[in-house]
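Engineer: my questions concern the predicted model and sequence given below.
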Amino acid sequence: MRDMRKYKYMVLRRSSQVSLLFLFIAGNILGWNALRGNLSASIILGKIPLTDPFALLQIFATGNMISAEALEGALIVTVLFGLVCGRAFCSWVCPLNMVTDLANRLREKMKLDAENRNPFLSRKARYWVIGISLVLSFATGVAAFEWISPISMFHRGVIFGMGVGWTAVLAIFLFDLLIARNGFCGHLCPLGGFYSLITRFSLVRVRHYKEKCTQCMKCTDICPERQALPMVGKTSSMVVSGECTNCARCIEVCDDDAMRFGIRYVS
């Protein structure tokens, strides 16, 4: 039986995502003061604002006024993820990650993509979507991605009732299951692309130890952003790519203890 400690990061990720959803539900429906709002704009304990910096950028593109509180909240989030936690939002906070993970797990079980490759869908597509979102926000006066974001739809739906939001969530699930492995999060989501851009210099990173590596390549097989692991089996170094989500899947599957969390610039 596989050592249950191998699943500790998965348990922590799911606990984080579910706990945040519970706090949002409790804040918006039960009146708790711990966390209110949504993933675009929320407030902790009625005092600490949190604002999605990509949502704020879209609002700025529309030409609408931005409050000082929203700017403060965006700065807090940018510092938290951009300088400390890396692109952890995608794997530790985003609720849609649970849906896409399920789709990709089923895809693997059903052997729909033996080589786990998506030759027709570039990972650079998400950066194009960022640009298109900002241009459309400028042209229409509406925060374009926020208006159609399946992440926001799913989050609001869990709290207030899904309605037509189920359609978007089902579409993402089927896309990842039948069309492309890690298709939405790894190739199309502009929010994930935005966080990958601002987290290039974050401190918390996975470190690879070449001297322990047997080149089984389990880490690259399971990694949702495998292009972030070019050093595996070649050199001991930190994962420096901003596209790494710090999900720790590579740590969980490594039987050689060749992957661990560490602090950048600290030996």
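Structural biologist: Looks like it arrived, so ask away.

Engineer: can you give me the strands in the stretch 151-267 of the chain?
Structural biologist: Assigned by DSSP state E, counting those that start in this stretch, the stretch 151-267 of the chain shows strands spanning 204-208, 237-238, 259-263.

Engineer: the bottom helix or strand of the chain by mean pLDDT?
Structural biologist: The helix or strand of the chain with the poorest confidence is helix 150-160; it has a mean of 85 (mean pLDDT, DSSP states H and E).

Engineer: buried ones in that one?
Structural biologist: Buried residues in helix 150-160, counted by 16 or more other CB atoms under 10 Å: 150-159. All C-beta atoms are positioned from the backbone trio N, CA, C, and that covers glycine.

Engineer: what's the answer for stretch 32-48, then?
Structural biologist: Taking 16+ other CB under 10 Å as the neighbour-count basis, stretch 32-48 is seen to contain the buried residues 35-44.

Engineer: and if you look at stretch 83-102?
Structural biologist: Of all the residues in stretch 83-102, those buried under the rule 16+ other CB under 10 Å are 85-97, 99-101.

Engineer: list just the nearest of those to residue 266.
Structural biologist: Checking the buried residues of stretch 83-102 against residue 266 with CB to CB, the nearest one is residue 86 at 14.9 Å.

Engineer: how far away is the closest residue to the closest one other than its chain neighbours from residue 142?
Structural biologist: Excluding its sequence neighbours, the residue lying closest to residue 86 (CB to CB, 6 or more residues apart in numbering) is residue 202, at 3.9 Å. According to CB to CB, to the nearest Å, residue 202 and residue 142 sit 31 Å apart.

Engineer: repeat that for residue 31.
Structural biologist: From residue 31 to residue 142 the distance is 30 Å (CB to CB).

Engineer: next helix or strand past the helix or strand containing residue 108?
Structural biologist: Using DSSP states H and E, residue 108 falls within helix 96-109. Per DSSP H and E, the first helix or strand lying C-terminal to helix 96-109 is helix 125-140.

Engineer: list the helices and strands that following helix packs on?
Structural biologist: Other elements packing on helix 125-140 under the criterion 3 or more CB pairs under 8 Å, 6 or more residues apart in numbering; DSSP states H and E are helix 53-62, helix 144-148, helix 190-198.

Engineer: which of those helices sits most buried?
Structural biologist: Using mean count of other CB atoms under 10 Å, the stretch among the helices and strands packed on helix 125-140 with the greatest mean number of neighbours is helix 190-198 (a mean of 23).

Engineer: how many other residues sit next to the residue lying closest to residue 56 once chain neighbours are set aside?
Structural biologist: Leaving out its chain neighbours, the residue that sits closest to residue 56 by CB to CB, 6+ apart is residue 74, at 4.6 Å. Neighbour count of residue 74, defined by other CB atoms under 10 Å: 23.

Engineer: the host helix or strand of residue 74 to helix 190-198, inter-axis angle?
Structural biologist: Element membership for residue 74, per DSSP H and E: helix 68-77. Orientation of helix 68-77 against helix 190-198 (axes from the mean of the first three to the mean of the last three CA atoms, to 10 degrees) gives an angle of 70 degrees.

Engineer: centre of the chain to helix 68-77, how far?
Structural biologist: Centre-to-centre, helix 68-77 and its host chain are 20 Å apart (CA atoms, centre = their mean, to the nearest Å).

Engineer: equivalent analysis for stretch 233-243, please.
Structural biologist: Between the mean C-alpha location of stretch 233-243 and the chain-wide mean there is a distance of 19 Å, by CA atoms, centre = their mean.

Engineer: ok, residue 158 touching residue 25?
Structural biologist: Yes. The pair residue 158 and residue 25 qualifies as a contact (CB atoms under 8 Å) at a distance of 7.2 Å.

Engineer: pLDDT below threshold where in the stretch 151-267 of the chain?
Structural biologist: Where the stretch 151-267 of the chain drops to pLDDT under 70, the residues are 267.

Engineer: check contacts around the residue nearest to residue 200 when sequence neighbours are not counted.
Structural biologist: Spatially, and ignoring its direct neighbours in sequence, residue 200 is nearest to residue 242 (3.9 Å; CB to CB, 6+ apart). Residue 242 is in contact with 86-87, 195-200, 202, counting by CB atoms under 8 Å, 6 or more residues apart in numbering.
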